[in-house]
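In: Okay, sequence plus prediction incoming.
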Amino acid sequence: MAGSSHGHTPAAWTGVIIAFIGFCVAGAFMVMANPLGFWAGMVIVVLGGVVGMAMRAAGLGQPKKTARSVAHPVREAVGAES
């Protein structure tokens, strides 16, 4: 995965950071036995996913690959060296 720069985009980082904050909020309120705060944290987690997908749709995510580059990535790399 490191060679494909999977997740190294502003959309991925923003979505994960927002979701992480939501998990922290939900965890803290779960320990405090406050169901309303827990569900607010879960809403923040979902918001992280929505923000990440919206940023990806706006062009800040990983560019989509063509069918050829996905089908034979190793064969192309080996052929390029020969």
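Out: Arrived safely.

In: so what secondary structure elements neighbour the helix or strand harbouring Val43?
Out: For Val43, the element it lies in under DSSP states H and E is helix 35-55. Under the contact criterion of 3 or more C-beta pairs under 8 Å, 6 or more residues apart in numbering; DSSP states H and E, helix 35-55 touches helix 10-31. C-betas here are computed from N, CA, C, even on glycine.

In: Centre of the chain to the helix it packs on, how far?
Out: Its chain's C-alpha centre and that of helix 10-31 lie 12 Å apart, by C-alpha atoms, centre = their mean, to the nearest Å.

In: can you pull the buried residues of it?
Out: By 16 or more other C-beta atoms under 10 Å, the buried positions in helix 10-31 come out as Ala11, Ala12, Thr14, Gly15, Ile18, Ala19, Gly22, Val25, Ala26, Phe29.

In: Against which helices or strands is that helix packed?
Out: Going by 3+ C-beta pairs under 8 Å, 6+ apart, helix 10-31 lies up against helix 35-55.

In: Now do the buried residues in the helix it packs on.
Out: Neighbour counts over helix 35-55 (16+ other C-beta under 10 Å) mark Phe38, Gly41, Ile44, Val45, Gly48, Val51, Gly52, Met55 as buried.

In: centroid residue for the protein?
Out: The residue lying closest to the centre of the chain (C-alpha atoms, centre = their mean) is Ala12, at 3.7 Å.

In: mind listing what that residue touches?
Out: Neighbouring residues of Ala12 by C-beta atoms under 8 Å, 6 or more residues apart in numbering: Gly52, Gly61, Gln62.

In: Let's see the pLDDT reported for it.
Out: Note on Ala12: pLDDT of 90.

In: Next: Ala67.
Out: On pLDDT, Ala67 comes in at 57.

In: Check the one 5 residues further on too.
Out: Confidence per residue is given as pLDDT, and for His72 that number is 53.
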